[in-house]
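[1] fold the following.
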Amino acid sequence: MGKKELKFNSKAIHGGQQPDVAYGAVMPPIYQTSTYAQPSPGKHKGYEYSRGANPTRAALERAVASLENADFGMAFSSGMAAIDAVMKLLGPNDEVICTRDLYGGSYRLFKGVFEKFGINFRFSEMVDMEELASQINKNTKLVWLETPTNPMMNIVDIEAVSKITKEHGLLLAVDNTFATPYLQQPLDLGADIVMHSATKYLGGHSDVIVGALAVSDEQLAEQLYFIQKSSGGICGPMDSFLTLRGIKTLHVRMQRHCENAELIAKYLENHPKIDTVYWPGFEYRPDHEVAKKQMRGFGGMISFVPKGESYADAIKIVENLKLFTLAESLGGVESLVGHPASMSHGSIPKEKRQKNGLVDGLIRLSVGIEDADDLIADLDQALN
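    Next up, the predicted model:
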């Protein structure tokens, strides 16, 4: 059976991989080198200088491409470096339409960096496709979306958006960090570019900072490889190795993340001190059917608001949690808790945050793979 025919659980371990050509090492070796010997100028074994390409990074890039059913993968020094590369496909006066609910770091990069170079950013709920189409003009070049969104867990119909972008000749890029390719594969739904903060679920152990892109269009891949090499925001061989090691358990970790999150979401939904719980698995949500259609599960991320929606109540809860660690980031084996208004989304102006539903009392959980009973007991003691 060819590796392209493998099912996901096997791809996580074998996808894009083969024993090392030098000595048959089963795990890709860490090629900790900046340059490579050439017998004659311009003649080499496929590698000249590690900014352009490195065997360990190449193994990671093949693995990410395999997981996303893509033909090409690129690995970067962070998720933000990967997004930066996508934005460099654009030029002055080009416009991007983004999901209104957006990771704070993405908003900061878009508004604080790229607007200075004449790229304009507009925001859409991406629920009403007619409304989305009405925002497109002659300068629109790219639609950027998250699904589930961060931190409100809104679900965007990738296939529906892709029909709009294809009709208008636009690129569609999807931040797939929260879902991972285990739960959804945006290229199969019509996206052109998939982005990951591989720091999160792909790495899975909170020990590395890495970003990744996956595409199938050869011309688009060549443009992104050129930007990657020219701008130099690549990840090193050790980071590549650690992320590859993490990917090999992605499927089993995601199963437990999803199982634990479901139990915790239902616990929070029934707690008398909780006002609202944001989790795609609730059947009453208006986007639940879209989530069921395009995802294989509902993920390990949950946001919730205590009754009263007060900043003070949220801070008290997050400070009193013991097993959930108060920290930036998400997607590791350990459970984390964050306060988006003052942490991950602090760079978004308050009025814009609140318009999206991100009130000062909102708490975000990254549910790990510990025993669910212990996690619920920790939440219980902090809430009570």
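[2] going by C-alpha atoms from here, please, whenever you check contacts or count neighbours.
    Will do.
[3] tell me what Phe123 is bridged to.
    Cys98 (DSSP bridges).
[4] is it true that it touches Cys98?
    Yes. Taking contacts as CA atoms under 8 Å, Phe123 lies within contact range of Cys98: 4.8 Å.
[5] between those two, which is the more surrounded one?
    Taking other CA atoms under 10 Å, Phe123 and Cys98 do not tie; Cys98 has more neighbours (23 against 17).
[6] quick one: residues contacting the more buried one.
    Neighbour list for Cys98: 121-124, 143-145 [criterion: CA atoms under 8 Å, 6 or more residues apart in numbering].
[7] mind running it again at 7 Å?
    122-124, 143-145 (CA atoms under 7 Å, 6 or more residues apart in numbering).
[8] how about those residues in JSON lines, adding distance to Trp279 and pLDDT?
    Below are the contacts of Cys98 laid out as JSON lines (distance: CA to CA, whole Å; pLDDT from 0 to 100):
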{"residue": "Arg122", "distance to Trp279": "26", "pLDDT": "97"}
{"residue": "Phe123", "distance to Trp279": "22", "pLDDT": "96"}
{"residue": "Ser124", "distance to Trp279": "21", "pLDDT": "95"}
{"residue": "Val143", "distance to Trp279": "24", "pLDDT": "98"}
{"residue": "Trp144", "distance to Trp279": "22", "pLDDT": "98"}
{"residue": "Leu145", "distance to Trp279": "18", "pLDDT": "97"}
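[9] return the set of buried residues in stretch 349-359.
    Buried positions in stretch 349-359, judged by neighbour count with 16 or more other CA atoms under 10 Å: 353, 358-359.
[10] ok, the nearest residue to Asp287 once chain neighbours are set aside to Glu68 distance?
    In this structure, Asp287 finds its nearest non-sequential neighbour in Ile155, 5.8 Å apart by CA to CA, 6 or more residues apart in numbering. Computed with CA to CA, to the nearest Å, the distance linking Ile155 and Glu68 is 19 Å.
[11] what does Lys163 give?
    20 Å.
[12] more neighbours, the two?
    Legend: neighbour count by other CA under 10 Å for Lys163 and Glu68, higher for Glu68 (26 against 16).
[13] so that one touches Pro181, yeah?
    Yes. Taking CA atoms under 7 Å as the definition, Glu68 is a contact partner of Pro181 at 5.7 Å.
[14] wouldn't Ala372 be in contact with Asn260 here?
    Yes. Contact criterion CA under 7 Å: Ala372 and Asn260 qualify, at 5.4 Å.
[15] more neighbours: those two, which one.
    Using other CA under 10 Å, the more surrounded residue of Ala372 and Asn260 is Asn260, with 23 against 19.
[16] how is the more buried one assigned, secondary-structure-wise?
    For Asn260, the assignment made with DSSP: H, G, I helix; E, B strand; the rest coil gives helix.
[17] show me the contacts for it.
    367, 372.
[18] quick check: the gap between Arg364 and Pro28.
    35 Å.
[19] before we move on, what about Leu90?
    Counting by CA to CA - Leu90 and Pro28 are separated by 35 Å.
[20] now swap in Phe114 and tell me
    Relative to Pro28, and taking CA to CA, Phe114 is found at 36 Å.
[21] now do His168
    42 Å.
[22] am I right that the residue nearest to Asp287 sits in a strand?
    No. Assessed with three-state DSSP, Ile155 is coil; it does not lie in a strand.
[23] that one against Glu289, yeah?
    No. With contact defined as CA under 7 Å, Ile155 does not count as touching Glu289 (9.5 Å).
[24] okay, the two: which has more neighbours?
    Neighbour totals were compared for Ile155 and Glu289, and Ile155 leads with 25 against 17 (other CA under 10 Å).
[25] contact partners for that one?
    147-149, 287, 290-291.
[26] with His196 instead?
    Taking CA under 7 Å, 6+ apart as the criterion, His196 is in contact with 79, 175-177, 211-213.
[27] show me which of the residues you listed is closest to Lys322.
    Thr177 (25.8 Å; CA to CA).
[28] which residues touch the closest one?
    196-197.
[29] ditto for the one 5 residues further on
    Listed by CA under 7 Å, 6+ apart, the contact set of Tyr182 reads His251.
[30] now the element after the helix or strand encompassing it, going C-ward?
    Taking DSSP states H and E as the criterion, Tyr182 maps to helix 180-183. Once the chain leaves helix 180-183, the next helix or strand it forms, by DSSP H and E, is strand 193-197.
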